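Asks: The following block contains a protein sequence and its predicted model.
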Amino acid sequence: MHELSMAQGIINAVIDTAESNNATEVTEVGIEIGRLAMINPEQLCFMLSVLVENTIVEDADIKIEEIPVEIDCPECGFKGVAELDDKDHYAPIVECPKCGNKRISILNGKDCVVKNIVIEKPDDD
Ligand SMILES: [Zn+2]
């Protein structure tokens, strides 16, 4: 499943970063999911909650934020946020909100990234 490999990648990256910073615990993880990343946030959240068990990320507050899709329309020149059909996370239809053109360039919203992590260090307080 797509979400599982994505979740595994996220957790590995978070643990790597935390360990290279001598963290004793990860307290917060901020994740951004583009609406075109083909990721279901609830599924991802569930996978993450399973994968963090018995790791230093176990008690982290995982915050998932969906980011909008930004497009560039070659037909009418519109550049900005496009509305998506909310119902299907896997096959959203993107079109220019101004002229309805579907052959648009996607500028933003295709990625799933770890935006920030907050860690505890042994020396802290
Ligand atoms: Zn257009």
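Replies: Done, it's in.
Asks: partner residues bridging the spatially most central residue of the chain?
Replies: Closest residue to the average C-alpha location of the chain: residue 33 at 2.5 Å, with C-alpha atoms, centre = their mean. Counting by DSSP bridges, residue 33 is bridged to residue 66, residue 112.
Asks: Please report how far it lies from the ion.
Replies: Using C-beta to the ion, to the nearest Å, residue 33 is found at 25 Å from the ion. Where you see a C-beta, it was placed from the backbone N, CA and C, and this is true even at glycine.
Asks: and that residue, what does it touch?
Replies: 39, 41, 44, 64-67, 112 (C-beta atoms under 8 Å, 6 or more residues apart in numbering).
Asks: Now which of these would you call buried?
Replies: By neighbour count, with 16 or more other C-beta atoms under 10 Å, the contacts of residue 33 hold 39, 41, 44, 64, 67, 112 as buried.
Asks: was I right about the fourth one contacting residue 43?
Replies: No - counting by C-beta atoms under 8 Å, residue 43 is not a contact partner of residue 64; they are 10.7 Å apart.
Asks: So for the longest helix seen in the chain, what gets flagged as buried?
Replies: Using DSSP state H to define each element, the chain has its longest helix at helix 2-20. Across helix 2-20, burial judged by 16+ other C-beta under 10 Å covers 3, 6-7, 10-11, 14-15, 18.
Asks: One more: stretch 101-108?
Replies: Buried-residue list, stretch 101-108, by 16+ other C-beta under 10 Å: residue 104.
Asks: what comes into contact with it?
Replies: Contacting residues not belonging to stretch 101-108 are listed as 34, 36, 67-76, 79, 82, 93-96 [C-beta under 8 Å, 6+ apart].
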